[in-house]
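**Student:** Take this sequence and fold it.
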Amino acid sequence: MNVTTNVFLDTRRIKKKTKTYPVKLRVTCNRKHQEYQTVFDLTSEDYKKLGASRVSDWLREVKDKLKEIESTASKVAKDLDPFTYEDFEKDYILGNPLFHQRNAIKASAVPVTNQFNIEEYGNRFPILKLPEPEPNTVLATTLYYIRKLLEEHRIRTAASYQTTYMTFSRFRGNVRFTQIDVAFLKQFEDWMLKQDYSKTTVGIYTRTLRTLFNEAIFLGIIKRDKCYPFGRRKYQPPASRNIKKALTLEDVGKIYYYEPICLEERKAKDFWLFSYFANGINPTDIAHLKYKNIDGDYITFERAKTENATRSAPKPITVYITEDMQQIIDFWSTKDKRPGNYIFPVLQHDITPLRQVELIELFVQALNDWMRKIKKKLDIEKAVTTYVARHTFSTIMKRSGVSTEFIQESLGHTSIKTTENYLDSFEKTVKKEYSQKLVAFKKDSDGNIP
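**Tutor:** Here you go, the predicted structure:
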């Protein structure tokens, strides 16, 4: 398909105040053409000077920009197969600061969703109050995706994308997807590391960008085969395996036999142990447990994290109610045991999703604060948070010989890789014990083999 591009001065209508004409880009395909107005206006005399070898600094800058427009437009048009003006406008014109944005072109921009009360989320999500970014840019797509997450009540995930939004805007401001290539992403990674971000955080942010690219492809903003910078032999978000700080059975025993000195300590201890005994259940899922989740000697529930995040139906998690768990339920549960009521008095009925998140955050903060005090009394070196309780469950199960697949099912992970990342490394003492097996042939001081 023959497509040509050229920049020209449209002298059909003069601008009376400045006595100038608009400079436009004409794209011709199969003898039909479309014109796009650039941000430059010139007099006929100045336009003729563009061909001269010596021009003023201002006019040289205009000349360079027009050359850039013509060459880039030609490349974008030739890369489109088949060529359509709609795709060309999405790939090159839309959001390009060198062009005036016609309403017809803006109509194809990322849709804005408002199926939630912005005022309610304003304090937690200040970017909702910022001026709208240029359509179909990275920041515009991020903002759209955040709104989409809020509509789905995935508030903590939306908060993570807001952090990425703010960090990315500090790095290079707002850019179009076609400007992001492998070199750009490596520069972003280097910049983050120099800002003292960890390699793990870099991986999280760049995976977020990858999700936004996929969203832009789904929305028709870009085409995967034209400018997708992720994948094999392209850019891959860095992955770093953190050694999880799971506790030993000895440390868990210290917590189990500790005698709390106040109700707050007992609450922190009990819910930490409840998480540990109940397949490493996290505080959000504890808060959402209802009496209808109890079926005889078992609790069956679906993870709140995967309920909205996965397209397929999440697999229920079943936990046997041990004697210790039952005692915790008996002490801390609500008295009204109708099926629809929460087992524990963390959440309330008829509150907003945002308020639910806030109450759970307060719940977690209180548990972690009191467990920090208990840990000091027990001389436990590692952190003792609700997060650690989950990792401790999975790690001790693994060390006991339980299969990774069983642990995956117990944790409710959709991917076994996630489970493998949860499993802690063996303690140094265990590694020392294993290393000694390699020299079991050595004789002791009496000449005997142990």
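**Student:** now what about stretch 70-78, what contacts it?
**Tutor:** Stretch 70-78 is touched from outside by 3-7, 25, 27, 29, 83, 88, 91-92, 178, with contacts defined as C-beta atoms under 8 Å, 6 or more residues apart in numbering. In this view, the C-beta of every residue, glycine as well, is placed from N, C-alpha and C.
**Student:** go again using 7 Å as the cut-off
**Tutor:** Under the criterion C-beta atoms under 7 Å, 6 or more residues apart in numbering, residues 3, 5-7, 25, 27, 83, 88, 91-92 lie in contact with stretch 70-78.
**Student:** just stretch 326-343 next, same as before
**Tutor:** Stretch 326-343 is contacted from outside by 270, 273-274, 289-292, 344-345, using C-beta under 7 Å, 6+ apart.
**Student:** now, which of those sits nearest Y161?
**Tutor:** For the contacts of stretch 326-343, the closest approach to Y161 (C-beta to C-beta) belongs to L289, at 28.0 Å.
**Student:** need the contact list for that closest one.
**Tutor:** Contact analysis of L289 by C-beta under 7 Å, 6+ apart lists 299, 301, 342-344.
**Student:** Mind checking which of these are in strands?
**Tutor:** Per DSSP state E, strands hold the following members of the contacts of L289: 299, 301.
**Student:** With respect to pLDDT, which of the contacts of L289 ranks lowest?
**Tutor:** Ranked by pLDDT, those bottom out at F301 (87).
**Student:** Name the residues of the lengthiest helix in the chain that are buried.
**Tutor:** The longest helix of the chain (DSSP state H) is helix 353-378. By neighbour count with 16 or more other C-beta atoms under 10 Å, helix 353-378 contains the buried residues 354, 356-357, 360, 363-364, 367-368, 370-371, 374-375.
**Student:** Any idea how many residues pack against D330?
**Tutor:** By the criterion of other C-beta atoms under 10 Å, D330 has 8 neighbours.
**Student:** again with E215
**Tutor:** Applying other C-beta under 10 Å, we find 16 residues neighbouring E215.
**Student:** what's the closest non-adjacent residue to it?
**Tutor:** In this structure, E215 finds its nearest non-sequential neighbour in Y145, 5.7 Å apart by C-beta to C-beta, 6 or more residues apart in numbering.
**Student:** ok, the contacts of L289 vs F188, which is closest?
**Tutor:** Nearest to F188 among these, with distances taken as C-beta to C-beta, is F301, at 39.0 Å.
**Student:** Enumerate every residue touching the closest one.
**Tutor:** Contact analysis of F301 by C-beta under 7 Å, 6+ apart lists 285, 289, 293, 316-317.
**Student:** now these: which count as buried?
**Tutor:** Of the contacts of F301, these count as buried by 16+ other C-beta under 10 Å: 285, 289, 293, 317.
**Student:** can you give me the helices in the stretch 151-300 of the chain?
**Tutor:** Along the stretch 151-300 of the chain, counting by DSSP state H, counting those that start in this stretch, helices occupy 155-172, 182-194, 199-218, 224-227, 249-257, 263-277, 283-288.
**Student:** As CSV, those with mean pLDDT and distance to Q34 would be great.
**Tutor:** Converted to CSV, the helices of the stretch 151-300 of the chain look like this (pLDDT from 0 to 100; distance: least, C-beta to C-beta, whole Å):
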stretch, mean pLDDT, distance to Q34
helix 155-172, 93, 30
helix 182-194, 95, 29
helix 199-218, 92, 23
helix 224-227, 77, 20
helix 249-257, 93, 69
helix 263-277, 95, 61
helix 283-288, 94, 52
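**Student:** In JSON lines: these, plus distance to I118.
**Tutor:** What follows is the helices of the stretch 151-300 of the chain, written out as JSON lines (distance: least, C-beta to C-beta, whole Å):
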{"stretch": "helix 155-172", "distance to I118": "13"}
{"stretch": "helix 182-194", "distance to I118": "29"}
{"stretch": "helix 199-218", "distance to I118": "21"}
{"stretch": "helix 224-227", "distance to I118": "32"}
{"stretch": "helix 249-257", "distance to I118": "44"}
{"stretch": "helix 263-277", "distance to I118": "34"}
{"stretch": "helix 283-288", "distance to I118": "24"}
